[in-house]
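J.: Quick one: sequence and predicted model below, then my questions.
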Amino acid sequence: EADIYQTPRYLVIGTGKKITLECSQTMGHDKMYWYQQDPGMELHLIHYSYGVNSTEKGDLSSESTVSRIRTEHFPLTLESARPSHTSQYLCASSEFGPQADTQYFGPGTRLTVL
Amino acid sequence: AQSVTQLGSHVSVSEGALVLLRCNYSSSVPPYLFWYVQYPNQGLQLLLKYTTGATLVKGINGFEAEFKKSETSFHLTKPSAHMSDAAEYFCAVSYYNQGGKLIFGQGTELSVKP
């Protein structure tokens, strides 16, 4: 069973606050991803990493930033939250191997910015 | 541009009836193909995937899908629906030269009536 964790699960915060969404995995996977998902919509890749000190922007432009200092940890930060950031954020990880490696997803963080 | 189309944002079936969820991709290069399921307030779980070889792929919970290159399709089926199958289903693709990044369809919500 995949072990990938996200905290908090739910976050309601005011405009202008700085927030960090945590994502950790215990599988030793090199690849990690952040997706944004609006209700009833598809997932859009906003950030990914192929290993420590590697971060790249995804297909959907995002004002968030990420870091990858440790293999198991891939936090996402919003310096100044706005209502437009309200969404669900899903973290995933996969092995660095064949291109069709399976991505394992965390339970998600549902963010509401008032 | 590469894309994934899921026909029908909502599908409703009766318990015991056939489940058919449609997925088509647009690219000249055959991708790797995935179906994921998302239960309420949870992350995504892999149902099945196609990489190479046999075009009929069997997954968890009695689901299967068939890759048809001539139709650029990867439809998901289950012979007999259970109430527990009610969830959101996502079709996704990845390509060999794109580092395993997934492109998702918009999702299909499956309802199962008693």
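T.: Right, received. Where do you want to start? Numbering: from 1, shown residues only, chains lettered A, B, ... in the order given.
J.: my guess is A:Tyr50 contacts A:Thr71, does it?
T.: No: using C-beta atoms under 8 Å, A:Tyr50 is not in contact with A:Thr71, being 11.0 Å away. C-betas here are computed from N, CA, C, even on glycine.
J.: Overlap in contacts, those two.
T.: Counting by C-beta atoms under 8 Å, 6 or more residues apart in numbering or on different chains, the contacts common to A:Tyr50 and A:Thr71 are A:Asp30.
J.: gap between the nearest residue to A:Ile69 once chain neighbours are set aside and chain B?
T.: Once flanking residues are discounted, A:Ile69 sits nearest to A:Val52: 6.8 Å by C-beta to C-beta, 6 or more residues apart in numbering or on different chains. Between A:Val52 and chain B the computed distance is 16 Å (C-beta to the nearest C-beta, to the nearest Å).
J.: And A:Val52, how far from A:Leu76?
T.: 16 Å (C-beta to C-beta, to the nearest Å).
J.: who's more crowded, these two?
T.: Comparing A:Val52 with A:Leu76 by neighbour count (other C-beta atoms under 10 Å in any protein chain shown), the higher total belongs to A:Leu76, at 23 against 13.
J.: quick one: contacts for the more buried one?
T.: A:Leu76 makes contacts with A:20-21, A:23, A:34, A:47, A:64-66, A:89, A:91, as judged by C-beta under 8 Å, 6+ apart.
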